[in-house]
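Participant: would you be able to build a 3D model of this:
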Amino acid sequence: MANAVEQLFAVKVRIAAAEREAGRDAGAVTLVAVSKTFEAADIRPVIEAGQHVFGENRVQEAQAKWPALKAAFPEIELHLIGPLQSNKAKEAVALFDVIETIDREKIAVELAKEIARQGRTPRLHMQVNTGSEPQKAGIEPREAVAFVARCREVHGLAIEGLMCIPPADENPGPHFALLEKLSKEAGVAKLSMGMSGDYETAIAFGATSVRVGSAIFGSR
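Facilitator: Below you'll find the predicted structure:
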């Protein structure tokens, strides 16, 4: 996977350039390397090259490869960036360090139960469906601020950020701007937005983390 390592460094250079262009501090943006569908053998060289933050879409897939990698590399921070089913809350809390896809009451309830039961406190983001796409997970923008408050006040969940995936066929800028506006209204500091095709735009709109997969690992 020498190519993945080269591409990792190329992405990091572009992130640094985008930070400078946006007038942001160096290192303001965290790179989440999206390793879904890739095997541990593909991921390991990227870890050894210094990348320690990774994203996975599915709990079950992550369970198959990450416990051993996390044991070998304790500095790993693993993000769940795909939809979470309520029956996977137990496994998600046990494995992930950040859960980015809280989007409904049932998930909030189950996560609160598991966090209390396990005594493990993954950091939490809420997913917002900025394009109101029926096929896509995420809470509606008009409900986002109230839902963050409800997660905090009713369920005791420390929501620290918002996440979005703009519609594939639209300019992502307005979606990133909307998420940034909602984050201020909700009083959260973290913004997970931007993927392989638009992460530099996301950085200009205030992203604190970008989720980049194919630009590092190649096509799936």
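
Participant: for the longest helix anywhere in the chain, buried residues please.
Facilitator: Looking across the chain with DSSP state H, the single longest helix is helix 2-21. Using 16 or more other C-beta atoms under 10 Å as the test for burial, helix 2-21 gives 4-5, 7-8, 11-12, 15, 18-19. Where C-beta positions appear, they are placed from N, C-alpha and C, glycine not excepted.

Participant: wait, T101 sits on S86?
Facilitator: No. Counting by C-beta atoms under 8 Å, T101 sits too far from S86 to count as a contact (12.0 Å).

Participant: and the longest helix of the chain, what does it pack against?
Facilitator: strand 30-34, helix 40-48, helix 199-204, helix 214-217 (3 or more C-beta pairs under 8 Å, 6 or more residues apart in numbering; DSSP states H and E).

Participant: any chance of these in CSV with distance to V59 and mean pLDDT as columns?
Facilitator: Converted to CSV, the helices and strands packed on helix 2-21 look like this (distance: least, C-beta to C-beta, whole Å; pLDDT from 0 to 100):
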stretch, distance to V59, mean pLDDT
strand 30-34, 15, 98
helix 40-48, 16, 96
helix 199-204, 25, 98
helix 214-217, 20, 96
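
Participant: P74: which of those is closest?
Facilitator: Ranking the helices and strands packed on helix 2-21 by proximity to P74 (C-beta to C-beta) places helix 40-48 first, at 11.3 Å.

Participant: so what does the closest one touch, helix or strand wise?
Facilitator: Here helix 40-48 touches helix 2-21, helix 59-72, helix 214-217, going by 3+ C-beta pairs under 8 Å, 6+ apart.

Participant: show me the contact partners of the first one.
Facilitator: The one in question is helix 2-21. With contacts defined as C-beta atoms under 8 Å, 6 or more residues apart in numbering, helix 2-21 is touched by 25-29, 31, 33, 42, 45-46, 49, 51, 199-200, 203-204, 210, 212, 215-218.

Participant: same thing with the second one?
Facilitator: Contacts of helix 59-72 with the rest of the structure, by C-beta under 8 Å, 6+ apart, involve 36-37, 39-40, 43-44, 47, 54, 56, 76, 78, 80, 84-85, 88, 91-92, 95-96.
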